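Q: With the sequence up front, the predicted model follows.
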Amino acid sequence: MSGPMARLEKKLGAASGFRIAALTGLMLLAAASSEAEPVARQVLVLQSIDRGNLVLDYFSSNFRVDLDQQVGRPINFLQVNVGPSGFVAAPEEAVVDFIRAAYVDRPKPDLVVAVAGPASAFARRHRSRLFPDVPLLFAAVDQRYLGSEPLGENEVAAAVINDFPRVVDQILQLLPRTKQVFMVTGSGPMGRFWRRELESQFRRFHQRLTFVWSDDLSLSDLVRRSARLPPDSVIYFVTFGTDLSGAAYADERVLAGLHATANGPLFGAMSVHMGQGAVGGSLMPVDEIVRAAVDAAVRLLNGAPPKSINIPPPRPGPPVFDWRELRRWGIAESRLPAGSVVRYRSPSLWQEHKLAVLGSMGALLIQSFLIVGLLHQRRARRQAESDSQRHLALAADASRRQTMSALTASIAHELGQPLSSMIHNAQALAAMIDADRATSDVTKEILSDIRTQSVQAAQIIERHRAMLRSHQVQRKSIDLHAVVHESLALVAHDLKTREIETTVDLSSRPCVISGDPVLLQQVLVNLMMNAIDAMADTPKARRRLTIAIAIRDADVVLSVRDTGTGLPPRADGTLFTPFVTTKPHGLGIGLTIARTIVDAHGGTIDGRNNPERGATFTVTLSRSRVADSLSASPGAA
C-alpha cells in the first residue's frame, strides 16, 4: 500500500502545482491587460436644467458626443442637475454632499463643467468644496451670469453674449406696425430671472412697444393667450421650463402648441428654434457654442493651463428665415436684411425633378425640331409638287409646240388640198353660172363638195389647235383606233416626205378605253416623230413604221415599232429622265411627258431595242374605267 499511496500523493502534488502556475499566469495576464488599457477620464457635468430646455438639451447631447470623439480615450460622465428643477426642496449643501459622496469610491473628476447660468452660479458658490484643484469650465453661460468677478486660477469660461434686443430690432424691421410683444420665458425662478434681465434690456423699446410676460401663466393659459393676441402682436420665445403650477414642459412641445394656435408670428433667439415655428433672424448659433466648449474641454483634459485658454464668445450668425413662416404671415422677402438666408423653401419642379425635367425638355425639344422639320419638308414637298406640275405643264406645252413646229409642213399640206379643191370648185361654179350652164343638180353637187372640203379643213385646224392649246384632262370613253388614225393624219406628211412605209395593225374589235384623246394623241405623235427621226439614216427601202394594237382581257397594248438606229446603251435606265435626249436639237422632255400622261391614265410605257433593228415603244392601258381620283394631268397648265 505504501507504494501506491506514494505515487498518488506525487500525482496530486504535481496537479496542485500546475493549478498554482496557471492561476499565477492568469493574474499576470490580467495585470498586463489592465496596464495596456487607457485610463478613462472623469468629467463632472453640472446641469442647470435636467431636460426639456431645447437649447441646453441640444448643447449637452452634442457636447458629450463631440468631446468623447476628440479626446481619444474613454470618458466617464457624471451629470448632476443643480438648477431649480433638480433636487426639489433640498438645500444646496445637501446637493454638494451628494456630489462629493459620488466620488468617494472612484477617482476624482479631471474636469468640472457647469452648463448655463444656474449651474455656473452654483459652482461658484461652492467652488471651495467642489474639487477646487480641478479645472472648472463655464459653458453655454451668458456673460451676465458670471458677473464682474474675475475667473479663478483654475477656471475657464466659454461664455455667450446674448443680444436679445437685436431680435426685437429685426421684428420691427420685418413688421414695423408691431405694437405688442408676448414674451414666453416660463415661470418660477427661471422665468423671474429672465423677466428681470430682459426688462432692463428692453427699456429703449418701452415708448414704442408693450411687453407682456408669461411668468404668471400656466401652459394652458399661455396657449389660450397666444391664440387671442391683439392685432400687430408677435410672440418672442426664450424658454419655458416650468409653468405657474411648477410642472415642467419640454420647449419643443410648447413651441408646437404655440405654432399651432397662435394668431401672431413667432420669433426666437437661438438657431435651434429654426424649424420649430420661428420666423427667424440673426440667431445665436448653438453649434458654435458647442464647438467653443468642446475645444476648451479638450485642451483642459490634455493638460493645458487654464490661464492659457481664452475662448471668444460666439457671435450671431447671418440672418436666417423660415420660408414657410414668411408665407404664413405674409412677410415679403424684400423686407429681409441684406444677406439673409431663406431655408425650407418648397422645392420647385426643377429642383425636385431636375433630371426628369431636363429629359422631358430634351424630348420636347427633339419632338419640336422633328415637327418643325416635318412641316418644313411637307411644305417643301407640296411646293415641289406644285412646281413640278407647273414645270411639267410648261414642258408639255413646249413639247406640243415643238411637235407642231415639226409638223408645220404637214399642216400646210393638209390644209392646201381642201382649200385648193374649194377654190377650184368655186371657180368652176362661177364659170358655169356665167355661161348659164349651171343646173340645180350641178350647183348642189359643187356646193356639197365645197362644204365637205371646208369641214375637212376645219377639222384639220381644230385638230392642231387642240394640240397647241393648254389642256385639262377630259376623261371619257374613247376608241383608241380613232386616236391612232388622228395621230397618223398629223404625221402623214412627214411619213410621205421621208418615204416611210407605214403599217397599221389594229384589232378587229372596238378598242374602247377611258381617257383623254388629245393627251393620248400627244403621246402617240411623240413616239411616231421619234421613230421618224430615228430612221433618218436608215436606207429608204428599210424605213418602216408599224403601229399595232393588241387587246387582252384587262388591258390594251399599243406599240410603235421602227427600223431605225435603236436606243443607245447609255440611254438604258435614263430613257424617261427629264432633259436626257439623244437628239442634237431635242429638249429631252418628250418621253418624260409621255410617261407622265400614261401614268395619269394608270398605264405603263416602256422602250426596248428590237432583236434585228430599231426599237419598239409599248404603251399598256387598262380597259377598265379610270379611277375617279384621276384629275389634273401633269401635262395640264
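A: Cool, the structure landed.

Q: Pull the residues that contact the helix or strand hosting residue 223.
A: For residue 223, the host element (DSSP states H and E) is helix 219-226. With contacts defined as C-beta atoms under 8 Å, 6 or more residues apart in numbering, helix 219-226 is touched by 182, 184, 214, 217, 235, 240, 243-244, 247, 249, 254, 257-258, 261-264. Backbone N, C-alpha and C define where each C-beta goes, glycine included.

Q: Quick check: next helix or strand after that helix?
A: Defined by DSSP H and E, the subsequent element after helix 219-226 is strand 233-237.

Q: So which bits of that following strand are buried?
A: 233, 234, 235, 236, 237 (16 or more other C-beta atoms under 10 Å).

Q: ok, back up a step: in strands, which of the contacts of helix 219-226 appear?
A: Cross-referencing those against strands under DSSP state E gives 182, 184, 235.

Q: Please tabulate the residues you listed in JSON lines, including the columns distance to residue 568 and pLDDT.
A: Formatted as JSON lines, those follow (distance: C-beta to C-beta, whole Å; pLDDT from 0 to 100):
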{"residue": "182", "distance to residue 568": "108", "pLDDT": "96"}
{"residue": "184", "distance to residue 568": "108", "pLDDT": "94"}
{"residue": "235", "distance to residue 568": "103", "pLDDT": "96"}
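
Q: In CSV: these, plus distance to residue 305.
A: Formatted as CSV, these follow (distance: C-beta to C-beta, whole Å):
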residue, distance to residue 305
182, 47
184, 42
235, 46
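
Q: now, among the residues you listed, which is nearest to residue 202?
A: residue 182 (12.9 Å; C-beta to C-beta).

Q: Return the residues in contact with that closest one.
A: Applying C-beta under 8 Å, 6+ apart to residue 182 gives the contacts 212, 214, 225, 226, 229, 233, 234, 235, 236, 264.

Q: One more: residue 548?
A: 504, 505, 506, 558, 559, 561.

Q: Look at the fifth one and give its secondary structure.
A: Classification of residue 559 using DSSP: H, G, I helix; E, B strand; the rest coil returns strand.

Q: show me what contacts it?
A: If you count contacts by C-beta under 8 Å, 6+ apart, then residue 559 has 546, 547, 548, 549, 550, 616, 617, 618, 619 around it.

Q: distance of residue 185 from residue 283?
A: 17 Å (C-beta to C-beta, to the nearest Å).

Q: For these two, indicate the residue with more neighbours.
A: Set residue 185 next to residue 283 and count neighbours by other C-beta atoms under 10 Å: residue 283 wins out with 24 against 21.

Q: Test my guess that the more buried one contacts residue 270.
A: Yes. If you go by C-beta atoms under 8 Å, residue 283 and residue 270 touch, sitting 5.8 Å apart.

Q: And for residue 335, the neighbour number?
A: 12.

Q: Would you quantify the distance from it to residue 595?
A: 81 Å.

Q: and the gap between the spatially closest residue to residue 152 that is not a sequence neighbour and residue 296?
A: Among residues not flanking residue 152 along the chain, residue 127 sits closest, at 6.8 Å (C-beta to C-beta, 6 or more residues apart in numbering). Separation of residue 127 from residue 296 (C-beta to C-beta) stands at 18 Å.

Q: So between these two, which is more surrounded?
A: Between residue 127 and residue 296, counting by other C-beta under 10 Å, residue 296 is the more crowded of the two (24 against 16).

Q: Wait, a helix at that one?
A: Yes. Under three-state DSSP, residue 296 sits within a helix.

Q: Run through the helices of the stretch 101-250 of the chain in chain order.
A: Ranges of helices in the stretch 101-250 of the chain, per DSSP state H, counting those that start in this stretch, are 116-125, 143-146, 164-174, 188-201, 219-226.

Q: Report the secondary structure element holding residue 267.
A: strand 266-268.

Q: Pull up the pairing partners for the next helix or strand after that strand, direction included.
A: Next along the chain after strand 266-268, taking DSSP H and E as the criterion, comes strand 280-281. Strand 280-281 has its sheet partners listed here by DSSP bridges as strand 320-322 (antiparallel).
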